[in-house]
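# need a structure here:
(4 chains)
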2 protein chains.
Amino acid sequence: MTEPRVGRASGDSRVPEATVARLATYLRVLSILAERAVATVSSEELAVAAGVNSAKLRKDLSYLGSYGIRGVGYDVTTLTEQISRTLGLTVHRNVVLVGVGHLGEALAGYAGFASRGFRIAALVDADPQRVGRVVHGLPVRDAAELAELVAEHEITIAVLAVPGSAAQDVCDQLVGAGVTSILNFAPVVLAVPPHVDLRKVDLAAELQILSFHETRKAIERSTRVAQG
Amino acid sequence: MTEPRVGRASGDSRVPEATVARLATYLRVLSILAERAVATVSSEELAVAAGVNSAKLRKDLSYLGSYGIRGVGYDVTTLTEQISRTLGLTVHRNVVLVGVGHLGEALAGYAGFASRGFRIAALVDADPQRVGRVVHGLPVRDAAELAELVAEHEITIAVLAVPGSAAQDVCDQLVGAGVTSILNFAPVVLAVPPHVDLRKVDLAAELQILSFHETRKAIERSTRVAQG
DNA sequence: TAGATTGTTAATCGATTAACAATC
DNA sequence: TAGATTGTTAATCGATTAACAATC
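Model prediction:
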């Protein structure tokens, strides 16, 4: 209990993975509250708005430190700052978007990008027809220039929106160029070395998960009818 | 141990949520193996291709029943069928896509849709400029027709790709029309009644999670340098 | 002080994994 | 039979949650 603290120093930062994912949601809710000039919010209010249990929310926030005021709640500005700091959003991050088809174009135009410290520094495509086009104010560059662009703009994060058939190849090039985080929209399982973080957005998987639950609900409905 | 089984009957189906999410990935790998005319696959091979631990894979598959052959592996066709059945992909599902901007258009053109038993039965948008346009062979219908379309095509799943400001309103309309599963791409936290399953794809959150890990990696690098 | 709300504890639940008996 | 690989056990790990002492 009162033993001297050993190991991890003040930076501490053993924030659970599940908590990290939710911090982004809290940040979104906090920004809406800030817009409405709300100064203070209780864990209960914030939890309801974020769609989670308030005990979970308080536990999540406790990993960042002790920024609430007992009997009062959390200061919206302070909490926003602390979550932003924890997520590393206070440093500016350059992103390369590879694959400027319909999806890539939609992602390039995503407003939430810039507002959170991310900047699309380069658009890249392998299709000569697309190279040179200006999309959302940025020219599409040739895939051959990838390594050069990553180095030039000190890019560490890539968003991959290329066809599945090209994804692993592009992924390898990105990793070779020094990218250490990849967000993959291509419908394939990518292999990356251990020092690279990979997340995927998988439309087919999302629908299949919903389909599973549709089946479950249908069974429940029929059981309820049968049992009365 | 040998007590008489009570409760859940043969359908059983207490498949953990984490397993359900991975089944979609296994299905993807299996379809590639089938293309290559591979007849049989071991848990180790399939696990490597899906990027998971083989013990986890076997545990996942064990929830579906016992479809492997000891000493041999899994029959690709049989396993594909069993996973498809578990995910409810053997019944045809109609989907409505609301919001036909760049993102909506990209989603409408997603090939993986049809190949897995999902069919976009209707495209809907509130913008009069978009209504009537034909996108990927389907006309964009007016938002006012939403309930009608859901009923007509017996739609239970909706994909939401509208601006954040409109999302909760559209969501309420969908639920009112009888939709019981929603895949939300709008950058807001939606509220739905308990009988409705909601999943979200959140680009900002994905990038923020990667940003968190970038920070962690940067700290590790500097610590390594400092400590030698 | 009285009321409100945080931060933390501890119990519970769910997911992961190594190991190996069962069995092809 | 010998070798290979599944399906399951049990230990461990991580996440959730109710409850409440601490404290504003």
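# CA only for contacts and neighbour counts going forward, please
OK.
# Test my guess that residue A:94 contacts residue A:157.
Yes. If you go by CA atoms under 8 Å, residue A:94 and residue A:157 touch, sitting 6.9 Å apart.
# For these two, indicate the residue with more neighbours.
Set residue A:94 next to residue A:157 and count neighbours by other CA atoms under 10 Å in any protein chain shown: residue A:157 wins out with 28 against 18.
# Next, give phi and psi for that one.
Main-chain torsions, residue A:157, degrees, to the nearest 10: phi -120, psi 130.
# ok, it touching residue A:118?
No. Residue A:157 lies out of contact with residue A:118 (CA under 8 Å); the separation is 9.5 Å.
# list the residues that contact both of those two?
When CA atoms under 8 Å, 6 or more residues apart in numbering or on different chains defines a contact, the residues bordering residue A:157 and residue A:118 alike are A:93, A:94, A:95.
# how near is the first one to residue B:210?
For residue A:93, the distance to residue B:210 equals 11 Å [CA to CA, to the nearest Å].
# what bits of chain A have low per-residue confidence?
Residues of chain A meeting the criterion pLDDT under 70: A:1-13, A:228.
# ok, residue A:201 to residue A:226 distance?
Using CA to CA, residue A:201 is found at 39 Å from residue A:226.
# Who are the contact partners of the nearest residue to residue A:188 once chain neighbours are set aside?
Once flanking residues are discounted, residue A:188 sits nearest to residue A:164: 5.7 Å by CA to CA, 6 or more residues apart in numbering or on different chains. By CA under 8 Å, 6+ apart, the contact set of residue A:164 is A:186, A:187, A:188.
# Using TSV, please lay out these together with neighbour count.
Below are the contacts of residue A:164 laid out as TSV (neighbours: other CA atoms under 10 Å in any protein chain shown):
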residue	neighbour count
A:186	22
A:187	23
A:188	20
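# Looking at those residues, which is nearest DNA strand C?
The closest of the contacts of residue A:164 to DNA strand C turns out to be residue A:188 (CA to the nearest atom of the strand; 19.1 Å).
# Who are the contact partners of that closest one?
If you count contacts by CA under 8 Å, 6+ apart, then residue A:188 has A:164, A:167, B:28 around it.
# Which of the residues in the helix or strand containing the second one are classified as buried?
Taking DSSP states H and E as the criterion, the element that holds residue A:167 is helix A:164-177. Using 16 or more other CA atoms under 10 Å in any protein chain shown as the test for burial, helix A:164-177 gives A:164, A:167, A:168, A:170, A:171, A:173, A:174, A:175, A:177.
# Name the pair among these with the greatest separation in space.
Using CA to CA, the two most remote members of those are A:164 and A:177, lying 20.2 Å apart.
# check contacts around residue A:41.
A:72, A:73, A:74, A:75, A:76.
# Confirm that the third one sits in a strand.
Yes. Inclusion of residue A:74 in a strand is indicated when DSSP: H, G, I helix; E, B strand; the rest coil is applied.
# For it, which non-adjacent residue is closest in space?
Leaving aside its chain neighbours, residue A:74 sits nearest to residue A:68 (4.6 Å; criterion: CA to CA, 6+ apart).
# can you give me phi and psi for the one you found?
Phi and psi for residue A:68, reported as degrees, to the nearest 10, are phi -90, psi 170.
# Would you map the strands across chain A?
Secondary structure of chain A (DSSP state E): strands at A:40-41, A:68-69, A:73-75, A:93-98, A:118-125, A:134-135, A:138-142, A:157-160, A:181-184, A:197-200.
# show me what contacts residue A:40?
Here residue A:40 is in contact with A:72, A:73, A:74, A:75, A:76 (CA under 8 Å, 6+ apart).
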